[in-house]
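**Q** Based on what follows, work out the 3D shape:
(chains A and B)
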Amino acid sequence: MKFINYLESIAGVGIFPLVSLCIFFLFFVILIIWVLQVSKEHLTEMKNIPFNSSSLRANSTKEKGSESNFALSTDSENN
Amino acid sequence: MELEKFSYDNKIVKQFAFATIFWGLAGMTVGLWVALELIYPQLNLFEQITFSRIRPLHTNAVIFAFVGNGIFMGVYYSLQRLCKARMFSDKLSKIHFWGWQLIILAALLTLPFGITTGKEYAELEWPIDIAITLIWVVFGWNMFGTIIKRRERHLYVAIWFYIATFVTVALLHVVNSFELPVSILKSYSWYAGVQDALIQWWYGHNAVAFFLTTPYLGLMYYFVPKVAERPIYSYRLSIIHFWALIFLYIWAGPHHLLYTALPDWAQSLGTAFSIMLIAPSWGGMINGLLTLRGAWDKVRESVVLKFLVVAVTAYGMATFEGPMLALKNVNVIGHFTDWIIAHVHVGALGWNGFLTFGVLYWIIPKIFRTELYSKKLANWHFWLGSLGILFYVVPMYWAGFTQYFMWQEFTKEGLLRYPNFLETVIQLRPMHMMRALGGLLYLSGFVLLTYNIIKTVKAGSLLANEDAEAPALTKDEGSHAGEHWHRVFERKPIQFMILSLVVVIIGGAIEIVPTFLVKSNIPTIASVKPYTPLELQGRDIYIREGCYVCHSQMVRPLRFETERYGEYSKAGEFVYDHPFQWGSKRSGPDLAREGVGNLKKSDAWHYSHMLDPRSMSPGSIMPTFQWLHDDPIDTASTPAKIRAMITLGVPYPEGYDKKANADLMIQANAITESLKKDKIETLNDREIIALIAYMQRLGKDITANKSTTTQP
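**A** I've put the predicted structure just below:
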């Protein structure tokens, strides 16, 4: 059987694109609103995750600053 | 709070790092070889290293072996640290590693032998496709297991990119690999013609997006801040970057099919979304580069940062160029030309290559607890690599424009100024030489890296299990009443994956569903008939030899194309093409109208041309295919092939599989007789006979009856 027949058998398939467009639009509107109002504290916490590796290694390679948590004040304007 | 002790698995990182280097060297060496074959066709020494067979080996090797292992190296290193947890299962890590290497080995043992599906960047045959699916699931299982048992409450943005990579690559691979097996190493694409093309480029474009881009963006979001020792410039931007990128990318595939027989609305959709893609792509690039604000002096000191900065810059360049190429008026220049090869290599050599090198130079000394053996050598690598990229892409841009201008130029009398396609081919030779030099420079740099890494590894010792400690996540940290949905998703990987999947399915579905559903998108042409058994066998030989690597079968509705090749291609012509063979690059002329009009050649011409292309077309760079003149057609496979085609909806009469070989021999005898008239003696069961039958068929349907009817 040709592939087309499988899709034809879906009832009301025509509404799919419209529903998709609505999901797309709503999703981005909500996302942007959230991104604009999210707290700087949360953003700072998130962006510092790579620097909290929890490694106990004490070896010869330098990993300067890698365990430190970057202060909010250093780049609060760019969160 | 009580701290839990655990360890990071560095051994698996080391294994993937070594595999990255090994396959990278191999894949790029094949690349250099194929580049040289375009200049010196005599380098097509034997069947298994013929250009058209090993060019797919090069692309598969650098994408899935070099970059693939590079992804896993970076993911296994960063994921453990971002989750504060060891990989979920050492056994799964092991299965993943060895399974992936075996898949690469399988590619190496099939593609040079002509075992291919004939779909670009998805050439591997169905058993390997199944193996890829299984190993990919193992990767996902291991990744999600790690994420679930993590000790860090939130998922850092890099992990979002890894999750999107996993889920989308799985979707793309499964949908594009729907194929009907004919034998253990041969299958036909489930889709035909235009639909096959749309699925293939939805896959092809998003393989670039979700295999070459999103995992590497994840790596960028981890390694650039780590190396620069400062957090990412804007986490806010990274959130928008992520969602906008994965949503928009999935729609852009049809820009690979502009001016083709793909329905116009789908082409426009592809263009619109490609332009929109600039925003998130550049958002990501800017986010990466601005992480270095106030710390640019570090770039002078750190060779790792140099690689990363050039990588991110190349990403910015390629993602500006891509949307530009998606504009119809620009695409008309770039499509089918070497411009596309240049564009691809800005991304592959600059973005993927340099990011991989940067990460390798950073990770290896760390896990081997030593300093890099030689910063000087690494700097040499950096400059050799950068020069290599320039020497590669600039001549190829030049070549691309040369091709376009020569193809489209008319004389005052309204005739093509360069009617012979070979004139363009010969013109490109110096550019191709420069490109090969660029490739050689780039590869030389890679050899320096290999030496540098070997010396570093020998000087250090692997810290296979790196001790770490972190507090366990407590249950109450999991729920916060009234918390925003996105923050909730940031802690729930499975839901996050489902949301990512929904987002990528939307774009794919809107493009793909109507193309399958609306009949008027593919007008039926009454005169288009299924291939005869001999033509079908010939077509399979055409696919096996990889002819689509250099020859398109798609005449665009442009005057300079119709003047050169004949009537433009219609969607209805391809309804029995499993898979489609439109191609994407014209190192040789289009073949869609090879069997009709001015382009038609005698059977004897094709026979001699395949035996020695330069005897018929002096200056040609085509390889010789002399084995076709010796090897017999595999007639035993004909009934199974006909049955498979019937299953796929090709209207052969009931029970035709039993009669097919008789018809095949009748047609073969006619061609043998025709050759005899031109004083060529050959047996009627040789593969060349089938290929001639296929070549002579190309374009015949459309001229047989010009009535095109659109069925409601």
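**Q** Surely B:Phe354 and B:Thr313 touch.
**A** No: contact criterion CB atoms under 8 Å: B:Phe354 and B:Thr313 do not qualify, at 9.1 Å. The C-beta positions use only the backbone N, C-alpha and C, and glycine is treated the same way.
**Q** Looking at these two, which is more packed in?
**A** Neighbour count, other CB atoms under 10 Å in any protein chain shown: between B:Phe354 and B:Thr313, B:Phe354 has more, with 26 against 17.
**Q** Next SSE downstream of the longest helix anywhere in chain A?
**A** Using DSSP state H, we find that the single longest helix of chain A is helix A:16-37. Following helix A:16-37 in sequence order, the next helix or strand is helix A:40-47 (DSSP states H and E).
**Q** Can you check the distance spanned by stretch B:589-604, start to finish?
**A** Using CA to CA, to the nearest Å, one end of stretch B:589-604 lies 19 Å from the other.
**Q** buried ones in that stretch?
**A** Neighbour counts over stretch B:589-604 (16 or more other CB atoms under 10 Å in any protein chain shown) mark B:589-596, B:599-601, B:603-604 as buried.
**Q** quick one: least confident of those?
**A** Within the set of the buried residues of stretch B:589-604, pLDDT is lowest for B:Leu599 (87).
**Q** any idea how far that residue lies from A:Phe27?
**A** 51 Å (CB to CB, to the nearest Å).
**Q** Check B:Tyr397 too.
**A** In terms of CB to CB, B:Tyr397 sits 38 Å off from A:Phe27.
**Q** again with B:Lys226
**A** Counting by CB to CB, the gap from B:Lys226 to A:Phe27 is 31 Å.
**Q** So for those two, which sits in the more crowded spot?
**A** A count of neighbours by other CB under 10 Å puts B:Lys226 above the other of B:Lys226 and A:Phe27, at 23 against 16.
**Q** Check whether the more buried one really touches A:Asn48, as I assumed.
**A** No: counting by CB under 8 Å, A:Asn48 is not a contact partner of B:Lys226; they are 11.6 Å apart.
**Q** where are the low-confidence patches of the chain?
**A** No chain in the question, so chain A it is. A:1-14, A:16-17, A:20, A:53, A:57-79 (pLDDT under 70).
**Q** meant chain B, my bad for not saying
**A** Along chain B, segments meeting pLDDT under 70 span B:1, B:475-485, B:514-523, B:705-712.
**Q** switch the cut-off to 80
**A** B:1, B:260-266, B:474-492, B:503-504, B:506-524, B:703-712 (pLDDT under 80).
**Q** Mark out where each domain of it begins and ends.
**A** If you go by automatic domain parsing, the domain ranges for chain B are B:292-473, B:524-709.
**Q** I'd like to know which of those domains is closest to B:Ile103.
**A** With CB to CB as the criterion, B:Ile103 lies closest to domain B:292-473 of the domains of chain B, at 18.9 Å.
**Q** Against B:Leu628, how distant is B:Gln553?
**A** Distance, B:Gln553 to B:Leu628, using CB to CB: 19 Å.
**Q** for chain A, what are the nearby residues on the stretch 151-300 of chain B?
**A** B:151-152, B:154, B:156-158, B:190-191, B:195, B:222, B:225-226, B:229-236, B:239-240, B:243-244, B:247, B:290 (CB under 8 Å from any CB of the partner chain).
**Q** residue contacts, B:Tyr565?
**A** Going by CB atoms under 8 Å, 6 or more residues apart in numbering or on different chains, B:Tyr565 touches B:555, B:589-590, B:592-593, B:599.
**Q** Could you single out the nearest of the residues you listed to chain A?
**A** B:Ala592 (23.4 Å; CB to the nearest CB).
**Q** okay, now the nearest residue to the closest one once chain neighbours are set aside: neighbour count?
**A** Nearest residue to B:Ala592, sequence neighbours excluded (CB to CB, 6 or more residues apart in numbering or on different chains): B:Gln553, at 4.3 Å. Residues near B:Gln553, counting by other CB under 10 Å, number 23.
**Q** Helices along the stretch 401-550 of chain B, start to end?
**A** For the stretch 401-550 of chain B, helices defined by DSSP state H, counting those that start in this stretch occupy the ranges B:421-427, B:429-459, B:485-489, B:493-517, B:533-544.
**Q** Can you say which of the ones you listed is packed in most?
**A** Stretch with highest mean neighbour count among the helices of the stretch 401-550 of chain B: helix B:533-544 (a mean of 24; mean count of other CB atoms under 10 Å in any protein chain shown).
**Q** What lies in contact with that one?
**A** Contacts of helix B:533-544 (CB under 8 Å, 6+ apart): B:114-118, B:186, B:531, B:548, B:579, B:581, B:628, B:633-635, B:637-638, B:641-642, B:645, B:660-661, B:663-664, B:667-668, B:687, B:689-695, B:697.
**Q** what does stretch B:618-630 give?
**A** In this structure, residues lying in contact with stretch B:618-630 by CB under 8 Å, 6+ apart are B:37-39, B:41, B:44, B:47, B:50-52, B:422, B:425-426, B:541, B:545, B:550, B:587-588, B:607, B:609-614, B:682, B:686-688, B:691.
**Q** how deep is residue 29 tucked in, by neighbour count?
**A** Using chain A. 10.
**Q** Actually, chain B is the one I wanted.
**A** Neighbour number of B:Thr29 under other CB under 10 Å is 16.
**Q** same question, the one 10 residues further on
**A** Under the neighbour criterion other CB under 10 Å, B:Ile39 is assigned a count of 16.
**Q** residues in contact with the most centrally placed residue in chain B?
**A** In chain B, the residue lying closest to the centroid (CA atoms, centre = their mean) is B:Tyr121, at 3.7 Å. Taking CB under 8 Å, 6+ apart as the contact definition, B:Tyr121 lies against B:59-60, B:63, B:203-204, B:207.
**Q** Now neighbour count too, for these, in a markdown table please.
**A** Formatted as a markdown table, the contacts of B:Tyr121 follow (neighbours: other CB atoms under 10 Å in any protein chain shown):
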| residue | neighbour count |
| --- | --- |
| B:Thr59 | 21 |
| B:Asn60 | 25 |
| B:Ile63 | 18 |
| B:Tyr203 | 25 |
| B:Gly204 | 20 |
| B:Ala207 | 23 |
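**Q** Secondary structure added to those, as CSV?
**A** Below are the contacts of B:Tyr121 laid out as CSV (DSSP: H, G, I helix; E, B strand; the rest coil):
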residue, secondary structure
B:Thr59, helix
B:Asn60, helix
B:Ile63, helix
B:Tyr203, helix
B:Gly204, helix
B:Ala207, helix
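**Q** Out of these, the closest to chain A would be?
**A** B:Tyr203 (15.3 Å).
**Q** my read: the closest one touches B:Ala122, true?
**A** Yes: the pair B:Tyr203 / B:Ala122 is scored as a contact, 6.2 Å apart, by CB under 8 Å.
**Q** Between the two, which contacts overlap?
**A** With contacts taken as CB under 8 Å, 6+ apart, B:Tyr203 and B:Ala122 have B:173, B:176 as neighbours in common.
**Q** Can you name the residues that contact the nearest residue to B:Asp603 once chain neighbours are set aside?
**A** Sequence neighbours aside, B:Ser674 is the residue nearest to B:Asp603 in space, at 4.7 Å (criterion: CB to CB, 6+ apart). For B:Ser674, the contacting residues are B:602-604, by CB under 8 Å, 6+ apart.
**Q** Let me know the closest of those to B:Pro493.
**A** Nearest member of the contacts of B:Ser674 to B:Pro493, counting by CB to CB, is B:Asp603, at 61.2 Å.
**Q** How about the contacts made by the closest residue to B:Trp605 other than its chain neighbours?
**A** In space, and not counting its chain neighbours, B:Trp605 is closest to B:Met616: 6.1 Å by CB to CB, 6+ apart. B:Met616 sits next to B:605, B:608-609 when contact means CB under 8 Å, 6+ apart.
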